[in-house]
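[1] 3D model of this:
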Amino acid sequence: MQRSVITVIGSLNADLITRTPRIPSPGETLVSSSFSVACGGKGANQAVACVRLSRRKDSLSKNGGHGDGDASESILVRMEGAVGGDAFGQNLIEALGGDGVDVSGVQVRKDGNTGVAVILVEDSGENRILLSPGANATLRPEAFDSLAAPIPDLLILQLEIPLDTVLAILRGAAACSPPVPVLFNPAPAAALPPWAYGFVEHLIVNETEAAILYGVSEDYVFSNPSEVGREFQRRGVRNVVITLGKNGSWYLSGGPDGEEGQLAAEKADVVDTTGAGDTFIGAYAVSAVRQKREGRAFDIRSAVQRATRAAARAVEKEGAMGSIPWENEV
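    Purely as a prediction, here's the structure:
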């Protein structure tokens, strides 16, 4: 049987991470606890999460520790995006390829800069991120009039590349025969045209993103996740997941009689929440593709359960990409 394909189209960034006891006040200078540079970007993180959560860590040794991992693995993960012709871009390509991601779809803008995310992480584990898009902003809609081969079994999108490009990709996925199912993580959140929701198989948002898309406060989302989620379903989304931090996750599967529920968060010794959401999405995506591959109807509860466990392991380590666990670590 051919391998299933997950394609991630999105951002690739260098993460500049500073740990600090607290966020400085306006005009204040604080001495940080540490500084590091790491590979990141929501697209890149989610691609690595899909790879790691679909195989054991020792699978890479079967292929020399690089390339697309063990060819016998049932899922191939492809990354499409753009980096600059700088050291950050080269590091990203090498890091993703080393983890087993197919990076043949990553374009290099030789005269451009790789995207950069400046991340402040407090001792509590909470983070704040300032993003400079760099090469990510060069991905234009006309490049995605049709999806590149191999046509994926699942396409994952975010909003760290231009919105008009994401909308073109949604149209391209819908135009395939049969249409390619899309897992959409609209982060950072932005207003979407009403038609876009109808092209989304899986919508995964946190409380902040849900509040922006729905037009309410985060407190309202916490108190009324069912109302918010069902509104997204009325707009055309089939499966909805709203992650609620320490309050766990609320979910709703397709159709008026679909399964609805809420799962508690897993206990974890929180070190850094950066990358937890991307880990959640990777685990959920792998569950969805495996269930389809095995001929099973989609079980949203089991997908959310596994994603919750994976995210809990990610917050126990520093960094984004580096904190993502492998399948045998969940």
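
[2] okay, and for the stretch 101-250 of the chain, where does confidence drop off?
    Nowhere does the stretch 101-250 of the chain drop to pLDDT under 70.

[3] any idea how far the residue nearest to residue 267 when sequence neighbours are not counted lies from residue 108?
    Distance criterion CB to CB, 6 or more residues apart in numbering; nearest residue to residue 267, sequence neighbours excluded, is residue 312 at 7.1 Å. Every residue, glycine included, has its C-beta placed from N, CA and C. Separation of residue 312 from residue 108 (CB to CB, to the nearest Å): 36 Å.

[4] higher neighbour count, those two?
    Taking other CB atoms under 10 Å, residue 312 and residue 108 do not tie; residue 312 has more neighbours (20 against 15).

[5] if I've got this straight, that one is in a helix?
    Yes. Under DSSP: H, G, I helix; E, B strand; the rest coil, residue 312 sits within a helix.

[6] Contacts only, for it.
    Going by CB atoms under 8 Å, 6 or more residues apart in numbering, residue 312 touches 265-268.

[7] For the helix or strand containing residue 116, output the C-alpha coordinates as PDB.
    Counting by DSSP states H and E, the element that carries residue 116 is strand 115-122. The C-alpha atoms that make up strand 115-122 are tabulated as PDB, following Å, rounded to 0.1, in the frame of the first residue of the first chain:
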ATOM      1  CA  GLY A 115      11.200  34.800   8.700                       C
ATOM      2  CA  VAL A 116      12.100  35.600  12.300                       C
ATOM      3  CA  ALA A 117      10.000  35.200  15.500                       C
ATOM      4  CA  VAL A 118      11.100  37.000  18.600                       C
ATOM      5  CA  ILE A 119       9.800  35.000  21.600                       C
ATOM      6  CA  LEU A 120       9.700  36.100  25.200                       C
ATOM      7  CA  VAL A 121       9.100  33.200  27.600                       C
ATOM      8  CA  GLU A 122       8.300  34.000  31.200                       C
END
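
[8] Would you map the strands across the chain?
    4-9, 13-20, 34-40, 75-84, 102-109, 115-122, 127-132, 154-157, 182-184, 202-206, 239-243, 249-252, 260-263 (DSSP state E).

[9] Tell me which of the ones you listed lies nearest to residue 59.
    strand 75-84 (11.3 Å; CB to CB).

[10] and the angle from the closest one to strand 115-122?
    Following axes from the mean of the first three to the mean of the last three CA atoms, to 10 degrees, one obtains 100 degrees for the angle between strand 75-84 and strand 115-122.

[11] No more questions from me, cheers.
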